[in-house]
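Novice: This is a predicted model, with the sequence first.
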Amino acid sequence: GKDDHVGKMNVLPATRQAALALLMPVIILGGIYGGIFTPTEASAVAVLYAFVVGVFIYREIKLPDLVAIFRKSVLSSAVVMFIIANAGLFSFMITRAGVPDMIGAWLADVLKSPAYFLLGVNAALFIIGMFIETSASIIVLAPILVPVAIRFGIDPVHFGMIMVVNLAL
């Protein structure tokens, strides 16, 4: 519309103003690829950097707001951890019941070649990834699908990459 530009900055002043915030991906990826810290340590560095920039430099986060921020982050983390814990328990139970072996034998009979197996798994994982959290899906499906992939002669590392990419899509 005609009034879309109202209240917006030009690109260069906006980039200058956001330079410290835009530096965060550089710090994270540079630290990981430079061997300075691991991805887990990078997350801690990112949180600390965001805290310092948000509180002391941009002054958009006030100290009383931190309680609500911490509460929200704890709830989000708890939900994800609860899902992963239940997925781990479910994976343990189906493995103890022998379900992966039965599904593996059935898939080996139905899908005669590794190519058909990979096509079917790619399609299924793509659809599953739309509805279920990636980590939980990996915990539940890996014990079922990896033995079948090995039976078809597929490298487990290659198959793991296929699982992660399809579920993340």
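Specialist: On my side now, so go ahead. Residues are numbered from 1 along each chain as shown.
Novice: Quick check: buried residues in the helix or strand hosting V121?
Specialist: For V121, the element it lies in under DSSP states H and E is helix 114-131. Within helix 114-131, the residues that count as buried by 16 or more other C-beta atoms under 10 Å are 117-118, 121, 125, 128-129. C-beta here means a position set from N, CA and C on the backbone, and glycine is covered the same way.
Novice: Secondary structure class of M9, three-state.
Specialist: Assigned by DSSP: H, G, I helix; E, B strand; the rest coil, the conformation of M9 is coil.
Novice: hmm, back to that, against which helices or strands is the helix holding V121 packed?
Specialist: Here helix 114-131 is seen to pack against helix 134-151, helix 156-168 when contacts are counted using 3 or more C-beta pairs under 8 Å, 6 or more residues apart in numbering; DSSP states H and E.
Novice: can you give me the angle the longest one makes with helix 156-168?
Specialist: If I follow you right, that is helix 134-151. The directions of helix 134-151 and helix 156-168 differ by 140 degrees, with axes from the mean of the first three to the mean of the last three C-alpha atoms, to 10 degrees as the criterion.
Novice: List the buried residues for helix 134-151?
Specialist: Taking 16+ other C-beta under 10 Å as the basis for neighbour counts, the residues of helix 134-151 that come out buried are 134-142, 144-149.
Novice: State the phi and psi torsions of L111.
Specialist: phi -100, psi 100 (degrees, to the nearest 10).
Novice: Quick check, it in contact with F117.
Specialist: Yes: applying C-beta atoms under 8 Å as the test, L111 and F117 come out as touching, 4.5 Å apart.
Novice: I'm done for today, thanks for sticking with me.
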